[in-house]
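**Student:** Model the following, please.
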Amino acid sequence: MLAVTIILAILSIILHMPIEVQEAVFKHVILGSPLYNDVYALVKYVFYSEPCNQASWFWIDRNDAFSLCRGGSALVIPFIDYRLNQPPLAGFILALITMFGLQYSAGPGVFLTISYMLHSILSAIAITYSVYRASTRFTARLYPLYALTIVVYGVYGFDTYALPFIIEALIGIREGKLGKAGLFSALGMSINFFTVVLLGLLIYLVIRDNIEGKSIITGILLGLTPYFIIVFLAPEYPGYILNNMLQPAFNNGVFALLTSKLSEGAAYAFNTGLWLFLMLTLYSMSPPLTTHDKEEVLRYITILMFTLYSIHPQMVPQTLVITLLPLIATKMRGNTLLTLLIEAANALIIALWFEAATISSYLSSILGIVLSPQPTSLDNPVQWVVQFRNALAVVYSIDLLLTSSQP
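**Tutor:** Residues are numbered from 1 along each chain as shown. Model (predicted):
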């Protein structure tokens with residue numbers, strides 16, 4: 001299984017590899033249209049696109065921005081020198097790969113290549129470690145499920161880095177080590193905000209079931225240390241993140257179809273409120289952490305994470321990478337074909353996203369109707385794929401929830 005995982009991770013690295021990096025690594029272009037890579041795009045944005053924007057609110061230290069704009073080199077640190085709407089450990093990883101690139105860089109091409117390859121290698125390690133731990137502790141058969149998700153989203157962004165922490169948190173729950181579960185779930189949230197679903201459930205169950213919480217609270221506080229450090233170094237960080245989360249933004253979750261007539265702000269508020277209500281409802285249905293049947297608890301937790309992902313207002317495709325592996329690892333009982341269809345539709349989203357205008361123009365000429373060129377619009381073909389995936393994910397979630405309630 002590890003050999004297959006490594007092969008899939010390498011394939012992901014190649015499929016995402018930007019043309020500039022291909023030329024540096026292979027001395028020629030082997031893939032003319034690589035998949036978009038979020039981390040690579042962010043590095044380019046920070047070091048090459050944004051420094052010369054005098055009106056930008058992005059930069060905190062304008063001197064570093066000025067130096068980069070003039071073609072110089074500057075050791076810039078997320079949250080301190082520029083604003084980043086990511087959790088602390090994601091910023092630390094970004095700082096790590098860019099610092100290393102600046103140290104050994106001989107120009108933009110080399111710097112970007114080093115940054116991309118470091119991110120890709122670290123992502124591959126995170127995936128391989130997670131699959132190893134999941135396959136040995138939960139004895140689950142992961143493939144062909146999860147293979148396409150690794151290939152398309154394995155090195156896409158920061159999400160993969162949260163996966164080892166999520167798996168370790170689940171192992172902690174299985175072993176009855178709640179302090180460990182709290183530590184790793186909090187560390188997971190220090191990389192990916194969605195992991196608050198797992199952390200919130202642990203806190204809720206400790207309170208609901210009156211569990212002695214000293215060890216789990218200690219673990220959570222230790223896991224949240226990256227947040228405490230960032231708040232100390234950059235006091236504006238909480239306000240910036242909160243403001244960013246409150247901004248109406250959609251990646252067209254499933255409930256967007258119900259609120260298409262509302263204003264963007266009203267629709268976002270309704271969808272977010274509904275999601276929070278359903279989250280608390282699902283929390284209340286969870287079996288206790290202290291039950292003897294730990295497998296039942298794990299199945300419910302992983303089903304809950306996938307369900308809340310499937311109805312999230314911003315159901316970004318890359319987050320599937322941290323919700324599907326735990327679900328498979330805990331031996332969920334579900335429709336394998338449906339899982340594969342969800343993966344295929346989810347993979348198709350990123351493949352079509354940057355071709356949305358071309359696709360809509362082509363279909364408009366054939367169908368004789370006007371389609372939006374924007375991939376976020378409900379009348380764009382990309383969103384048809386998105387909503388197809390959403391519908392499948394909701395059906396799958398309902399099936400899993402109903403199945404998990406059966407003896």
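**Student:** Do you have the helices of the stretch 301-407 of the chain handy? List them.
**Tutor:** With helices called from DSSP state H, counting those that start in this stretch, the stretch 301-407 of the chain shows them at 320-329, 336-353, 356-367, 381-404.
**Student:** quick check: angle from the second one to helix 356-367?
**Tutor:** An angle of 100 degrees separates the directions of helix 336-353 and helix 356-367 when computed by axes from the mean of the first three to the mean of the last three C-alpha atoms, to 10 degrees.
**Student:** Helix 336-353 - contacts with which helices or strands?
**Tutor:** If contacts are counted by 3 or more C-beta pairs under 8 Å, 6 or more residues apart in numbering; DSSP states H and E, helix 336-353 sits against helix 147-153, helix 320-329, helix 381-404. C-betas here are computed from N, CA, C, even on glycine.
**Student:** could you redo the last one with a cut-off of 6 Å?
**Tutor:** helix 147-153, helix 381-404 (3 or more C-beta pairs under 6 Å, 6 or more residues apart in numbering; DSSP states H and E).
**Student:** buried sites along the helix or strand following the shortest one?
**Tutor:** Translated: helix 147-153. Where DSSP states H and E defines the elements, the next helix or strand beyond helix 147-153 is helix 159-174. For helix 159-174, burial by neighbour count (16 or more other C-beta atoms under 10 Å) applies to 159-174.
**Student:** export helix 159-174 as PDB, just CAs?
**Tutor:** Taking C-alpha atoms only, helix 159-174 is exported to PDB below (Å, rounded to 0.1, in the frame of the first residue of the first chain):
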ATOM      1  CA  ASP A 159      -4.900  20.700   3.400                       C
ATOM      2  CA  THR A 160      -2.700  17.600   3.100                       C
ATOM      3  CA  TYR A 161      -0.600  18.700   6.000                       C
ATOM      4  CA  ALA A 162      -3.600  18.500   8.400                       C
ATOM      5  CA  LEU A 163      -4.100  14.800   7.500                       C
ATOM      6  CA  PRO A 164      -1.500  13.200   9.800                       C
ATOM      7  CA  PHE A 165      -2.900  15.200  12.800                       C
ATOM      8  CA  ILE A 166      -6.400  14.100  12.000                       C
ATOM      9  CA  ILE A 167      -5.400  10.400  11.800                       C
ATOM     10  CA  GLU A 168      -3.400  10.700  15.000                       C
ATOM     11  CA  ALA A 169      -6.400  12.300  16.800                       C
ATOM     12  CA  LEU A 170      -8.600   9.400  15.600                       C
ATOM     13  CA  ILE A 171      -6.000   6.900  16.800                       C
ATOM     14  CA  GLY A 172      -6.000   8.700  20.200                       C
ATOM     15  CA  ILE A 173      -9.800   8.300  20.400                       C
ATOM     16  CA  ARG A 174      -9.500   4.600  19.500                       C
END
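**Student:** How far off centre is that helix?
**Tutor:** Distance, stretch centre to chain centre, for helix 159-174: 14 Å (C-alpha atoms, centre = their mean, to the nearest Å).
**Student:** Let me see the mean pLDDT of it.
**Tutor:** In this model, helix 159-174 has a mean pLDDT of 96.
**Student:** Just the C-alpha atoms of stretch 81-94, please, in PDB.
**Tutor:** The C-alpha coordinates for stretch 81-94 follow below in PDB (Å, rounded to 0.1, in the frame of the first residue of the first chain):
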ATOM      1  CA  ASP A  81       5.500  41.100   7.200                       C
ATOM      2  CA  TYR A  82       2.300  40.300   5.300                       C
ATOM      3  CA  ARG A  83      -1.300  39.200   6.000                       C
ATOM      4  CA  LEU A  84      -2.200  35.600   5.300                       C
ATOM      5  CA  ASN A  85      -5.700  34.200   5.700                       C
ATOM      6  CA  GLN A  86      -4.400  30.800   6.800                       C
ATOM      7  CA  PRO A  87      -4.000  29.000  10.100                       C
ATOM      8  CA  PRO A  88      -0.600  29.500  11.900                       C
ATOM      9  CA  LEU A  89       1.100  26.200  10.900                       C
ATOM     10  CA  ALA A  90       0.200  26.700   7.300                       C
ATOM     11  CA  GLY A  91       2.000  30.100   7.500                       C
ATOM     12  CA  PHE A  92       4.900  28.400   9.200                       C
ATOM     13  CA  ILE A  93       5.200  25.800   6.300                       C
ATOM     14  CA  LEU A  94       5.000  28.600   3.800                       C
END
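**Student:** Measure how far it is from the centre of its chain, please.
**Tutor:** Using C-alpha atoms, centre = their mean, the offset of stretch 81-94 from its chain centre is 14 Å.
**Student:** Just the element for the nearest residue to Ser286 once chain neighbours are set aside, please.
**Tutor:** Nearest non-adjacent residue to Ser286, counting by C-beta to C-beta, 6 or more residues apart in numbering: Tyr300, 5.6 Å away. According to DSSP H and E, Tyr300 maps onto helix 294-310.
**Student:** Next, the angle helix 381-404 makes with that helix.
**Tutor:** Using the same axes, to 10 degrees: helix 294-310 against helix 381-404 is 160 degrees.
**Student:** What are the buried residues along helix 294-310?
**Tutor:** Quick answer for helix 294-310 (16+ other C-beta under 10 Å): 294, 297-310.
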